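Peer 1: When you get a sec, could you give me coordinates for this:
(one chain, ligands or ions: 1)
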Amino acid sequence: MLSPPLASALRAAAEAVAGVIAGRTPEAPLAATIPALRPAVMDLVFGTLRDGGRGDFLLGRLLARPLQEPLIHALLLVALFRLEQRPQDVHTTVDQAVDAAAGIRRGRLKALVNGVLRGFLRRRDELLAAAEADVVARWRHPRWWIERLQAEQPQAWPAVLAAGNSHPPMTLRVNRRCDDAQHYLAELVAAGIEAQALDAVAIRLEAPVAVERLPGFAAGRVSVQDWGAQRAAALLDLHEGQRVLDACAAPGGKTAHILETADVELTALELDAQRAGRVRENLARLGLAADVRVADCRRLEEWWDGRRFERILADVPCSASGVARRHPDIKWLRRAADVAQFAQTQAAILDALWHVLAPGGKMLYCTCSVFRAENVDQIKEFTRRHPDAARLPTGCAELEVHLMPGPDHDGFYYALLQKLA
Ligand SMILES: C[S@@+](CC[C@H](N)C(=O)[O-])C[C@H]1O[C@@H](n2cnc3c(N)ncnc32)[C@H](O)[C@@H]1O
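Peer 2: Got it, this is the predicted structure:
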């Protein structure tokens, strides 16, 4: 007999969550989920991961001893999330979670699933109060992440963590070659999509919609891009005819924005061949052209023709701690030691790219991290190593843009460097 959809969704979500706990991203299991079930499964997986830390705390209180069955453990986490998300529907959730457990280990743990979930409902108030008093359960981030932020951002850390647990806004970038935000906004409103212009090209939607509903999306009139990410093109100070390098390009959001901003000669490098394909697809949709190459930007001998660039965007690989609310698996896949590892890679990329920047040229360093080692400290170290690097203002008198995740944008860091002639 076919399982009813909720039990199937709970089971599929449990598999993806168990994968994350074992160190794998949820992309593959989500892509393999049947399309009719995918939105419900994604909602359960993302919600459970966003709530991660709290679910584990609750299970710790509800189970006499740790479970040795990872899939049942994950199923309980997903079901606990749904009990909280849908208080009007608790009996269905319990029944369907028990049904989902019937297909795991020949149903031997059905009674345990039933008992744990009913135990939660009975002791809900007491357990949630205890969770509020536990730092990991309260802030739903790993302990190392919370402690690092507390040390680095003594004032802002609660807001940063709260934003990291929130639902991200959906923001558009209007292709300024065809339109402006005010004009496009009027079309959105006419199409029944509530939105607000943030500047001349950025529009924040009141609620996310499928891109197919956006007027002219397929024709390249608009792209989805966080407002924080939209800072790059303006900071680069682009002029027609410049030779520009986008050194870490995929999926190509900033590549496209650069080309929408000015007629430049753009080389876009990307280490991952599959992801380079996404840059090409995005540019094709927008009717833009760049020399897109699969290459490790650090290995100059493999891709550089000896001609220097007047502008370089170094949107380096990072912990992605500023965008964790879009990919809540990041919170649980990252380890404390990864930050130092990323910082080392970033330093190697910066050093290599400095060689290919023309004297007088500008390099924009960018991360979507909230941690100092990848941002402020990285650039401090870089300027110490390179006396021919001058830091340029990125706003009024500010030498860096440090956006923390909030209602309007994700967490981003920018620093602009000029090579002294
Ligand atoms: C933060 S993402 C870039 C996002 C992109 N700039 C955008 O706005 O859409 C970093 C990218 O750099 C790529 N990457 C990592 N190391 C690289 C390297 N050594 N050379 C070139 N690309 C690299 C990653 O595969 C990833 O796609």
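
Peer 1: Contacts for stretch 388-401 next, please.
Peer 2: Contact with stretch 388-401 is made by 231, 235, 354, 362, 375-376, 379, 382-383, 412-420, as judged by C-beta atoms under 8 Å, 6 or more residues apart in numbering. All C-beta atoms are positioned from the backbone trio N, CA, C, and that covers glycine.

Peer 1: ok, now with 7 Å
Peer 2: Stretch 388-401 is contacted from outside by 231, 235, 362, 376, 382-383, 412-420, using C-beta atoms under 7 Å, 6 or more residues apart in numbering.

Peer 1: same check, this time on stretch 241-251
Peer 2: 238, 254-255, 258, 263-270, 272, 275-276, 278-279, 282, 297, 307, 309-317, 349, 353, 356.

Peer 1: Any quick ChimeraX command for the buried ones out of those?
Peer 2: Command for ChimeraX that selects the buried part of the contacts of stretch 241-251, burial taken from 16 or more other C-beta atoms under 10 Å:
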select :238,254,255,258,264,265,266,267,268,269,270,276,278,279,282,297,309,310,311,312,313,314,315,316,349,353,356
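
Peer 1: Around the closest residue in space to residue 258 that isn't next to it in sequence, how many other residues sit close by?
Peer 2: Spatially, and ignoring its direct neighbours in sequence, residue 258 is nearest to residue 233 (5.3 Å; C-beta to C-beta, 6 or more residues apart in numbering). By the criterion of other C-beta atoms under 10 Å, residue 233 has 24 neighbours.

Peer 1: From the contact counts, what lies against the helix or strand hosting residue 233?
Peer 2: Using DSSP states H and E, residue 233 maps to helix 231-235. In this structure, helix 231-235 makes packing contacts with helix 253-261, strand 357-367, strand 412-419, judged by 3 or more C-beta pairs under 7 Å, 6 or more residues apart in numbering; DSSP states H and E.

Peer 1: Figure out which of these is closest to residue 157.
Peer 2: The closest of the helices and strands packed on helix 231-235 to residue 157 is strand 412-419. By C-beta to C-beta, the value is 16.2 Å.

Peer 1: how distant is that closest one from the center of its chain?
Peer 2: Relative to the centre of its chain, strand 412-419 is centred 21 Å away, using C-alpha atoms, centre = their mean, to the nearest Å.

Peer 1: And it, what does it pack against?
Peer 2: helix 231-235, strand 357-367, strand 389-392, strand 400-403.

Peer 1: 8 Å instead, please
Peer 2: helix 231-235, strand 357-367, helix 376-385, strand 389-392, strand 400-403 (3 or more C-beta pairs under 8 Å, 6 or more residues apart in numbering; DSSP states H and E).

Peer 1: Partner strands of it, with direction?
Peer 2: Applying DSSP bridges, strand 412-419 is found paired with strand 357-367 (antiparallel), strand 389-392 (antiparallel), strand 400-403 (antiparallel).

Peer 1: so who does the residue in the stretch 301-421 of the chain that the ligand sits nearest to touch?
Peer 2: Distance from the ligand to each residue of the stretch 301-421 of the chain (C-beta to the nearest ligand atom) is smallest for residue 315, at 3.6 Å. Residues in contact with residue 315 (C-beta under 8 Å, 6+ apart) are 232, 246-249, 254, 366-367.

Peer 1: Please apply the same query to residue 382.
Peer 2: 347, 350-351, 365, 389, 417.

Peer 1: give me that answer again for 6 Å
Peer 2: Residue 382 is in contact with residue 350, counting by C-beta atoms under 6 Å, 6 or more residues apart in numbering.

Peer 1: circling back to that earlier point, would you mind giving the strands paired with strand 412-419 as JSON lines with mean pLDDT added?
Peer 2: Formatted as JSON lines, the strands paired with strand 412-419 follow (pLDDT from 0 to 100):
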{"stretch": "strand 357-367", "mean pLDDT": "98"}
{"stretch": "strand 389-392", "mean pLDDT": "96"}
{"stretch": "strand 400-403", "mean pLDDT": "91"}
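
Peer 1: which one of those strands is the most hemmed in?
Peer 2: Ranked by mean neighbour count, these are led by strand 357-367 with a mean of 21 (mean count of other C-beta atoms under 10 Å).

Peer 1: what about that strand and the ligand, touching?
Peer 2: No: applying C-beta under 6 Å from any ligand atom, one finds strand 357-367 separated from the ligand by no less than 7.4 Å.

Peer 1: Give me the contacts around that strand.
Peer 2: The contact list for strand 357-367 (C-beta under 6 Å, 6+ apart) reads 232, 235-236, 308-315, 318, 374-375, 413-419, 421.

Peer 1: Tell me the gap between that strand and the middle of its chain.
Peer 2: With C-alpha atoms, centre = their mean, you get 25 Å for strand 357-367.

Peer 1: Please apply the same query to stretch 125-139.
Peer 2: 26 Å.

Peer 1: What of stretch 228-238?
Peer 2: 19 Å.
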